[in-house]
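>>> Below are the sequence and a predicted model for it; my questions follow.
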4 protein chains.
Amino acid sequence: MAEIRERYGLRIITEAIDNESLALVAEWADVIQIGARNMQNFSLLKKAGKLRKPVLLKRGLSATLEEFLMSAEYIMSEGNYQVILCERGVRTFADHTRNTLDLSIVPAVQRLSHLPILVDPSHGTGKRDSVLPMARAAVATGCDGILVEVHNHPEKALSDGPQSIYPDQFARMMDELGQIAPVVGPSGRAGAIRGAIKCWVPHPSAGFLAEEWERSA
Amino acid sequence: MAEIRERYGLRIITEAIDNESLALVAEWADVIQIGARNMQNFSLLKKAGKLRKPVLLKRGLSATLEEFLMSAEYIMSEGNYQVILCERGVRTFADHTRNTLDLSIVPAVQRLSHLPILVDPSHGTGKRDSVLPMARAAVATGCDGILVEVHNHPEKALSDGPQSIYPDQFARMMDELGQIAPVVGPSGRAGAIRGAIKCWVPHPSAGFLAEEWERSA
Amino acid sequence: MAEIRERYGLRIITEAIDNESLALVAEWADVIQIGARNMQNFSLLKKAGKLRKPVLLKRGLSATLEEFLMSAEYIMSEGNYQVILCERGVRTFADHTRNTLDLSIVPAVQRLSHLPILVDPSHGTGKRDSVLPMARAAVATGCDGILVEVHNHPEKALSDGPQSIYPDQFARMMDELGQIAPVVGPSGRAGAIRGAIKCWVPHPSAGFLAEEWERSA
Amino acid sequence: MAEIRERYGLRIITEAIDNESLALVAEWADVIQIGARNMQNFSLLKKAGKLRKPVLLKRGLSATLEEFLMSAEYIMSEGNYQVILCERGVRTFADHTRNTLDLSIVPAVQRLSHLPILVDPSHGTGKRDSVLPMARAAVATGCDGILVEVHNHPEKALSDGPQSIYPDQFARMMDELGQIAPVVGPSGRAGAIRGAIKCWVPHPSAGFLAEEWERSA
């Protein structure tokens, strides 16, 4: 992964699933991801709070806004203020998508917190055909970025194939998002996260590539 | 209401809550609304199917996609094919909005049905501050229109004040939507509903005004 | 149906789905049922409130306790105080039963209201094998009765076959319930509804039979 | 805690929240609890699977039956077959209880698995007044035991006071459960867990007391 980072100039996000893997991830990744199923793993949150690397915290499948922000507080209370929130769908009765992507949490987070909030339409829908429309919708809410799974052979993907988009869909998506983002404007929020990791792409062979789009400042 | 329609050239949507009110609504309104709480009032659906006026069918608070489309079938099975679907939020555990606006139903409906689908971010969030971001998101999904509540004195509104936006917010919204809509494009769907009622505005004094925005065709 | 009532001494509950069917049901049935999908059909509720026959009001699929009691108020506000509430399962993410039977509403209703509350474990689970355990559980909460679907040939039932129990299961159930009911005691509630309709059984051939069990007073 | 165990002959359950605390808990407790928020902490599940002490696995707030059983498999796949499942309420829209106690999972688990299943009506309702009715209902489903919080001064409890019952309520509960349990019978399941820990009681001063009731075999 270090090799890929250097060769392509990419930054890497990867997930820590317990205190042991946290040390490894903290050493190699640029951003530490804490997954939805660990959003209330308070032991892991506190350990991540002792590090000085950005933490991407995904919303739990049935977490309220308050619980989501409290989990971020667990990290920050240990001194690490670089927390990035991420909406990735919640569990409801609805069965036309794998989860229900709750985009309304974006403006709600922005009213209560200074933390950046990303949206993951890949996990949030679980269906390739819904990723583009929901990516556009996410950017239109004024979120600070999106995470999208891309794969050049989704049918061969080890995981999450059905929700991965093709590279040409990715290109079209980036073009559309680039047109929608300026409409939303800076929405009064600090431009501090400009250039933060905006799009998360599992690399076909061996890692993660990050491409960026910038929000009009 | 007939007077308002003539004076301002507006079209009127209003709700039928039972078979009795249906006759009255059918006589005066341009579009008959069937509310979320009546989405599975099969008696009302069938009666509406015997009319020859457009029916706006709102998704029930806990309706699956299949149930939503089946309710539309109840209307169409009686011969009335002018059915407009409307997502207005579903009931989940989330408490930062009054309902959880499920925008992912837009692409899901578009895969399975030719029916137009609108989004109501006012009922869908119940909070004025969330209406604009979610209205933009709705249009970005590629939906066929939105319903928005506007009031010049929301604090004096008889109902739904807290979710009604101010006229100047409405103006800003229309400007933003006008920029996002062309990005989405015609999305392969018939332009037949161009010019259909796109925005629903409770009039400050005595009725409903409808303003329109057109989708790039 | 009138014939069956006379021959077997049974009382009949049947559903009114609109204002038209309400008149017919009110004429022939002993109890008027308003189904879950009509729990917020306020027009129907008010019409039922003008009658002087007991109304069995089923909880909507996503109704809160407050909304459930408010719907009962719609009936009572017109002068008909003979309202019987019925929990029949709510819609959640859980997929091991058709609905999630929310038995905790029984003590919650009993704290806030004098109205009798029944439980329907047939619709509440949708699975024959779960009906007996949940019927026992319902009675153990202290509810005022249960509705159970029984059929001697469930596989030939026009509707709800998979959730109908066999007559021998019904006999075993009644025996078990008869042992659990005395443990719960009168729970401080008036014995007024003793002898009310306690069990609802679609008749194999042509109607509904009601069998009763009495709560220890 | 070791002292209390010896003096009163009680067994102790306590929670492991991460791999570090697991070692400590495994040394001192008789049963290791894995809480709802850690149900999908796969790292912790695997570590618990390497121990040879019983593990009490609580259902996650939005876990399906399949996910619940899969989490038990994570433990068993490492060789520890002493897994006890526990329903403690799931998250839904309903707001009359803190969680919605899903008792229907008891017969569903019993159809698919040989694992014992307990019910926690204290966390499952969050309200003292609902604990007794739901404890009776739990036993009536045929579950293998219950966990109940008891405190002699709930108003002074460090946590979970509002859902803790008083000692005299506990005595009455045990009496009622003792009458309901024989009605349910052995339900065809092995009597192997007879005498297992059936009731979990936070001790007023310093630990946990376990009282038992036996199911008729």
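Okay, I see it.
>>> Every contact and neighbour count from this point should use C-alpha atoms.
Will do.
>>> export stretch A:101-113 as CSV, just CAs?
C-alpha atoms of stretch A:101-113 as CSV (Å, rounded to 0.1, in the frame of the first residue of the first chain):
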residue,chain,number,x,y,z
LEU,A,101,-29.6,6.3,3.0
ASP,A,102,-30.6,9.1,5.4
LEU,A,103,-29.4,12.2,3.6
SER,A,104,-31.4,14.5,6.0
ILE,A,105,-28.7,13.9,8.6
VAL,A,106,-26.3,16.1,6.6
PRO,A,107,-28.1,19.4,7.3
ALA,A,108,-28.9,18.2,10.8
VAL,A,109,-25.2,17.5,11.5
GLN,A,110,-24.2,20.9,10.0
ARG,A,111,-26.5,22.7,12.4
LEU,A,112,-25.1,21.0,15.5
SER,A,113,-21.4,20.4,14.7
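>>> Show me the contact partners of it.
If you take C-alpha atoms under 8 Å, 6 or more residues apart in numbering or on different chains as the criterion, stretch A:101-113 is touched by A:65, A:87-90, A:115, A:117, A:119, A:121, A:124-125, A:138, A:141-143, B:96-97, B:100-104, B:125, B:129-130, B:133-134.
>>> Can you name the residues of chain A sitting close to chain C?
A:91, A:92, A:93, A:94 (C-alpha under 8 Å from any C-alpha of the partner chain).
>>> And the buried ones among these, selectable in ChimeraX?
Here is the ChimeraX command that picks out the buried ones among those, judged by 16 or more other C-alpha atoms under 10 Å in any protein chain shown:
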select /A:91,92,93,94
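>>> any chance of the residues of chain A next to chain C in a markdown table, with secondary structure too?
Formatted as a markdown table, the residues of chain A next to chain C follow (DSSP: H, G, I helix; E, B strand; the rest coil):
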| residue | secondary structure |
| --- | --- |
| A:91 | coil |
| A:92 | coil |
| A:93 | coil |
| A:94 | coil |
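>>> Considering only the residues of chain A next to chain C, which also neighbour chain B?
Checking the residues of chain A next to chain C against chain B (C-alpha under 8 Å from any C-alpha), the matches are A:92, A:93, A:94.
>>> Let me know the closest of those to chain D.
Nearest to chain D among those is residue A:92, at 8.2 Å by C-alpha to the nearest C-alpha.
>>> Identify the residues contacting the closest residue to the closest one other than its chain neighbours.
In space, and not counting its chain neighbours, residue A:92 is closest to residue C:93: 5.0 Å by C-alpha to C-alpha, 6 or more residues apart in numbering or on different chains. For residue C:93, the contacting residues are A:91, A:92, A:93, A:94, D:62, D:64, by C-alpha under 8 Å, 6+ apart.
>>> List the contacts of the nearest residue to residue A:34 once chain neighbours are set aside.
Closest residue to residue A:34 apart from its sequence neighbours, by C-alpha to C-alpha, 6+ apart: residue A:57 at 5.0 Å. Contact analysis of residue A:57 by C-alpha under 8 Å, 6+ apart lists A:33, A:34, A:35, A:36, A:39, A:72, A:83, A:84, A:85, A:86.
>>> Name all residues that make contact with the third one.
With contacts taken as C-alpha under 8 Å, 6+ apart, residue A:35 has the following neighbours: A:15, A:16, A:17, A:57, A:58, A:59, A:60.
>>> let's see it at 10 Å
A:14, A:15, A:16, A:17, A:41, A:56, A:57, A:58, A:59, A:60, A:86, A:88 (C-alpha atoms under 10 Å, 6 or more residues apart in numbering or on different chains).
>>> Can you add distance to residue A:148 and give the ones next to chain B among the residues of chain A next to chain C back as TSV?
As requested, those are arranged in TSV below (distance: C-alpha to C-alpha, whole Å):
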residue	distance to residue A:148
A:92	22
A:93	24
A:94	22
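>>> ok, so of the residues you listed, who is nearest residue C:78?
Within those, the smallest distance to residue C:78 is 34.9 Å, found for residue A:93 (C-alpha to C-alpha).
>>> before we move on, the earlier item: from the contacts of residue C:93, which single one is nearest residue B:49?
With C-alpha to C-alpha as the yardstick, the closest approach to residue B:49 among those comes from residue A:94, at 26.5 Å.
>>> what's the neighbour count on the closest residue to the closest one other than its chain neighbours?
Distances taken as C-alpha to C-alpha, 6+ apart put residue B:64 closest to residue A:94, at 5.6 Å, once the chain neighbours are dropped. Residues within reach of residue B:64, counting by other C-alpha atoms under 10 Å in any protein chain shown, total 17.
>>> thought residue B:64 was touching residue B:40?
No: contact between residue B:64 and residue B:40 fails when scored by C-alpha atoms under 10 Å: they sit 11.6 Å apart.
>>> what touches both of those two?
By C-alpha under 10 Å, 6+ apart, the residues touching both residue B:64 and residue B:40 are residue B:70.
>>> separation between residue A:185 and residue C:144?
Residue A:185 sits 59 Å away from residue C:144, taking C-alpha to C-alpha, to the nearest Å as the criterion.
>>> more neighbours, those two?
When residue A:185 and residue C:144 are compared for neighbours, residue C:144 comes out ahead with 27 against 14, by other C-alpha under 10 Å.
>>> Report pLDDT for that one.
We have a pLDDT of 91 for residue C:144.
>>> Could you do residue A:207 as well?
For residue A:207, the predicted pLDDT is 33.
>>> again with residue A:159
Taking residue A:159 on its own, its pLDDT is 75.
>>> That one falls within a helix, correct?
No: under the criterion used here (three-state DSSP), residue A:159 is coil, not part of a helix.
>>> That one: how many residues sit nearby?
What residue A:159 shows, counting by other C-alpha under 10 Å, is a neighbour count of 10.
>>> any idea how far it lies from chain B?
22 Å (C-alpha to the nearest C-alpha, to the nearest Å).
>>> For residue A:48, pull up the helix or strand it's in.
Assigned by DSSP states H and E, residue A:48 belongs to helix A:42-49.
>>> other SSEs contacting that helix?
Counting by 3 or more C-alpha pairs under 10 Å, 6 or more residues apart in numbering or on different chains; DSSP states H and E, the packing neighbours recorded for helix A:42-49 are helix A:19-28, strand A:31-34, strand A:55-58, helix A:65-76, helix D:19-28.
>>> Which stretch among those is buried most, on average?
strand A:55-58 (a mean of 26; mean count of other C-alpha atoms under 10 Å in any protein chain shown).
>>> Now do it, average pLDDT.
When pLDDT is averaged along strand A:55-58, the result is 97.
>>> partners of that strand in the sheet?
Neighbouring strands of strand A:55-58 in its sheet, by DSSP bridges, are strand A:31-34 (parallel), strand A:83-87 (parallel).
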